[in-house]
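**Student:** Pasted the sequence and its predicted model underneath.
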Amino acid sequence: AQKTFVERLIAEARDSGAEVREFGELPADLALKDGNFVRPALVVDPDPLLGVVVEEQFGPVVPVIPFDTEEEVIRLANGNWAGLGASVWTADAEAARRIGSQMVCGYVWVNDHGAPRLDLRAPFGGMKQSGIGREQGIEGVRAFQDTRSIATIDPVALAVAEH
């Protein structure tokens with residue numbers, strides 16, 4: 001089902017007139033030919049309402065959307081319902097920090113992207129409709145804690161409060 005979904009996103013983009021660049025070859029081995037393989041693809045300048053832009057696809061397809069200003073790219077990136085992860089690609093470390101700090105998502109990679117590259121010491125989890133809570137890091141540990149407060153009457157504090 002996931003392969004079909006990703007293939008539909010690619011077909012929808014191509015049918016809309018977006019430039020779709022696919023890479024690599026699918027396995028020719030008979031044992032693998034019916035597997036769930038999809039060629040990696042870039043979709044260049046897609047309509048912002050296409051599924052490849054607005055849906056979490058969990059497939060090897062990346063929309064490449066042009067922008068003119070930092071404000072515009074931040075607005076575009078944050079202007080959807082999802083917020084699992086983002087990446088900022090730049091040679092300017094200050095720009096990466098500035099833009100990354102404005103992304104409304106749970107994890108921001110700089111010049112990299114993907115779950116295999118998570119720093120396991122850092123918390124991971126989505127924002128908006130991409131999940132709740134955190135895994136990993138101290139925030140992930142705290143999700144498994146049950147904390148409580150116990151209040152007792154302190155006679156000395158009570159006497160001071162009465163005066």
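**Tutor:** Cool, the structure landed.

**Student:** Pairing partners for Val108 in the sheet, please.
**Tutor:** Beta bridges link Val108 to Ala86, judged by DSSP bridges.

**Student:** State the distance from it to Phe124.
**Tutor:** 11 Å (C-beta to C-beta, to the nearest Å). (Glycine included, C-beta is placed from N, CA and C.)

**Student:** Tell me which of the two has more neighbours.
**Tutor:** Phe124 (20 against 17; other C-beta atoms under 10 Å).

**Student:** Isn't the more buried one up against Gly133?
**Tutor:** No - look at Phe124 against Gly133 with C-beta atoms under 8 Å: they stay out of range, at 10.0 Å.

**Student:** Could I get the buried residue list for the worst-scoring helix or strand of the chain on mean pLDDT?
**Tutor:** Between all helices and strands in the chain, the lowest mean by mean pLDDT, DSSP states H and E belongs to helix 137-142, at a mean of 82. For helix 137-142, the neighbour count (16 or more other C-beta atoms under 10 Å) marks Gly140 as buried.
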